[in-house]
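Trainee: one predicted model, sequence on top.
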Amino acid sequence: MPPRLVIGAATDRGRVRESNEDSVCVLGPGEIVDDFDALLAVADGMGGHQAGEVASQYATDKLQELFASSAYRNWVSYDPGRSDYNILVIKEVLERLNREIYDLAVRERKHRGMGTTITAALIAQGQVVLGHAGDSRAYLLDNGKLIQLTTDHSWVQEQVEQNKMSPEQAANDPRKNQITRALGVSSVIRIDRQVIDLHPGNVLLLCTDGLTNMLSDNEIEHLLMTIPDPQKVCDALVAAANQRGGGDNISVIVARALNGGDPKPLERIRSRGEDLDTQRLGKPLGKSTTLSASSDESVAVADVAMPSPAMSVVAEPPQAVTPVPVNTGAKTTNWLIFVLKVGGLLTLAAVESVIVGLTAMFVQTIQTFPPELSVSSVTFVAIVFAMMIVIALNPSLDDQS
């Protein structure tokens, strides 16, 4: 019998960001289509002017829409009888989702350059199928040991893999927020996939980098070990990250596997509240700077060892998430358009200069008006005409910003 799941989740804007560009999706037993036991996902948006919020919310809303019914099957082109069907489901759904976010960014200028990380877990019959892009993470607590399941798609992680940087250097490097893969920044994406067995006693954690930039793996492991209730440990993790400075949005989902049986119904989670503060399952918190915690939560958070001044984590400034450019095709097209526009304006200016010169010569020849007046009038008309052309084209040039 597959293990019974108990799930908690929370998302919080932290103490530095003005808004929450994280989103979460939780579909548990009774909420998800009968093909699966649960779908969990965290997404960390990026892009200015709330475009990141649009991308992450679109991703989680679409996942919820697809897997709350059998609609996801329309996005998958493989036979359900295949042994690797669930792996193909997560692959094709996230690839299609990437394309939809990319197309939305191309259509809407205000969303240009937006994208989102994604870490999704599709759970069925005691197995977890992970789909991943970006630097949000999945962990498994197994026999008291916390194991990182995903690999960050970031510039500093690439340096670590090439032995150009140690993990400790990467953790404190100011470029650690430069990610190399995310949904929506390119028309094509490669989704990392893996399958793990979920046994009774295991704890699955999905989180954004707002948690892992503030707390070490050992501190996260300690809280997961000492607080058995998934919702309480989610709240405690968020509270601990905020106590460290809350330098980014923080989102966590915790699923604890228990012995088999009928799971209790799960309340539907709201992935972001109107007040942009932490959300419990169906229960928004107030705007206080610290979370209200139960006695268990307070003890657990207090047990987290705070870093010494020499090891203090520096909170990232607002809007610091800057992905490494990967959408080279779209940018090449934009630059080509820009060059053509500038070239056209220069050509127009040259043609106008010739016309003004010829007109001046003609006016002086016929001597109908004083030469100075005629040349000045023609020049003025030419300048006004050129300014009208520039003003007409300028909104299109704004696309390059």
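Mentor: Yes, it's here. Numbering: from 1, shown residues only.

Trainee: domains of the chain?
Mentor: The chain is divided into the following domains under automatic domain parsing: 4-325, 329-400.

Trainee: mean pLDDT for the ones you listed: which is lowest?
Mentor: For the domains of the chain, the stretch scoring lowest in mean pLDDT is domain 329-400; its value is a mean of 58.

Trainee: which of the helices or strands spans the closest residue to G52 other than its chain neighbours?
Mentor: Nearest-residue entry for G52: G45, 2.9 Å, with adjacent residues in sequence omitted and distances by CB to CB, 6 or more residues apart in numbering. Heads up, the C-betas are built off the backbone N, CA and C, glycines and all. G45 is part of strand 38-46, with elements assigned from DSSP states H and E.

Trainee: each with direction, which strands does that strand pair with?
Mentor: The partner list of strand 38-46 in its sheet, established with DSSP bridges, is strand 22-27 (antiparallel), strand 115-116 (antiparallel), strand 118-124 (antiparallel).

Trainee: next, format those as JSON lines and append distance to R107.
Mentor: Conversion of those to JSON lines gives the following (distance: least, CB to CB, whole Å):
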{"stretch": "strand 22-27", "distance to R107": "21"}
{"stretch": "strand 115-116", "distance to R107": "15"}
{"stretch": "strand 118-124", "distance to R107": "21"}
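
Trainee: just tell me which of the ones you listed ends up closest to L223.
Mentor: With CB to CB as the measure, strand 22-27 is the member of these nearest L223 (18.2 Å).

Trainee: can I get the CA coordinates of that closest one in PDB?
Mentor: As requested, the backbone C-alpha atoms of strand 22-27 are provided in PDB (Å, rounded to 0.1, in the frame of the first residue of the first chain):
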ATOM      1  CA  ASP A  22       6.900  33.200  -5.600                       C
ATOM      2  CA  SER A  23       3.900  30.900  -6.200                       C
ATOM      3  CA  VAL A  24       3.100  27.400  -5.000                       C
ATOM      4  CA  CYS A  25       0.700  24.700  -6.100                       C
ATOM      5  CA  VAL A  26      -0.600  21.900  -3.900                       C
ATOM      6  CA  LEU A  27      -3.000  19.300  -5.200                       C
END
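
Trainee: just the buried positions in that strand, please.
Mentor: For strand 22-27, the neighbour count (16 or more other CB atoms under 10 Å) marks D22, S23, V24, C25, V26, L27 as buried.

Trainee: need the contact list for the nearest residue to I90 once chain neighbours are set aside.
Mentor: Using CB to CB, 6+ apart and skipping the chain neighbours, the partner closest in space to I90 is G131 (3.8 Å). Taking CB atoms under 8 Å, 6 or more residues apart in numbering as the contact definition, G131 lies against I90, K91, V93, L94, I118, T119, A120, L122, I191, D192, R193.

Trainee: in those, which residue is surrounded by the most others?
Mentor: Of all the contacts of G131, the most densely surrounded is I118 (31 neighbours; neighbours counted as other CB atoms under 10 Å).

Trainee: who's it bridged to?
Mentor: With DSSP bridges applied, the residues forming beta bridges to I118 are A133.

Trainee: for it, give its distance to R137.
Mentor: Spatial separation of I118 from R137 under the definition CB to CB, to the nearest Å is 12 Å.

Trainee: ok so, going back, between the helix or strand just after the strand holding G45 and strand 22-27, how big is the angle?
Mentor: Taking DSSP H and E as the definition, the helix or strand that follows strand 38-46 towards the C-terminus is helix 51-67. Relative orientation of helix 51-67 versus strand 22-27 (axes from the mean of the first three to the mean of the last three CA atoms, to 10 degrees): 10 degrees.

Trainee: what is helix 51-67 packed up against?
Mentor: The criterion is 3 or more CB pairs under 8 Å, 6 or more residues apart in numbering; DSSP states H and E, and the helices and strands that helix 51-67 contacts are strand 22-27, strand 38-46, helix 85-107, strand 115-116, strand 118-124.

Trainee: who touches the residue nearest to I227 when sequence neighbours are not counted in this structure?
Mentor: Closest residue to I227 in three dimensions, ignoring its sequence neighbours and counting by CB to CB, 6+ apart: V233, at 4.0 Å. Applying CB under 8 Å, 6+ apart, we find V233 in contact with G8, L223, L224, I227, V254, A300.

Trainee: before we move on, what SS does V233 have?
Mentor: Following DSSP: H, G, I helix; E, B strand; the rest coil, we place V233 in the helix state.

Trainee: any idea how far it is from R256?
Mentor: If you measure V233 against R256 using CB to CB, the figure is 9 Å.

Trainee: do the same with V128
Mentor: Shown here: V128 relative to R256, a distance of 13 Å by CB to CB.

Trainee: list residues touching both of those two?
Mentor: Each of L204 lies in contact with both V128 and R256 under the rule CB under 8 Å, 6+ apart.

Trainee: related to what we said a few turns ago, pick the most deeply packed of the helices and strands packed on helix 51-67.
Mentor: Burial of the helices and strands packed on helix 51-67 is given as mean neighbour count (mean count of other CB atoms under 10 Å); strand 115-116 ranks first at a mean of 34.

Trainee: quick one: contacts of that one?
Mentor: Counting by CB under 8 Å, 6+ apart, the neighbours of strand 115-116 from elsewhere in the structure are 23, 43-47, 52, 55-56, 58-59, 101, 105, 134, 182-185, 323.

Trainee: okay, now G30: neighbour count?
Mentor: Around G30 there are 12 other residues, counting by other CB under 10 Å.

Trainee: surely it is in a helix?
Mentor: No. Using three-state DSSP, the assignment for G30 is coil, not a helix.

Trainee: got phi/psi on it?
Mentor: With angles defined as degrees, to the nearest 10, G30 shows backbone torsions of phi 90, psi -20.

Trainee: distance of it from I7?
Mentor: Per CB to CB, G30 is found 12 Å from I7.
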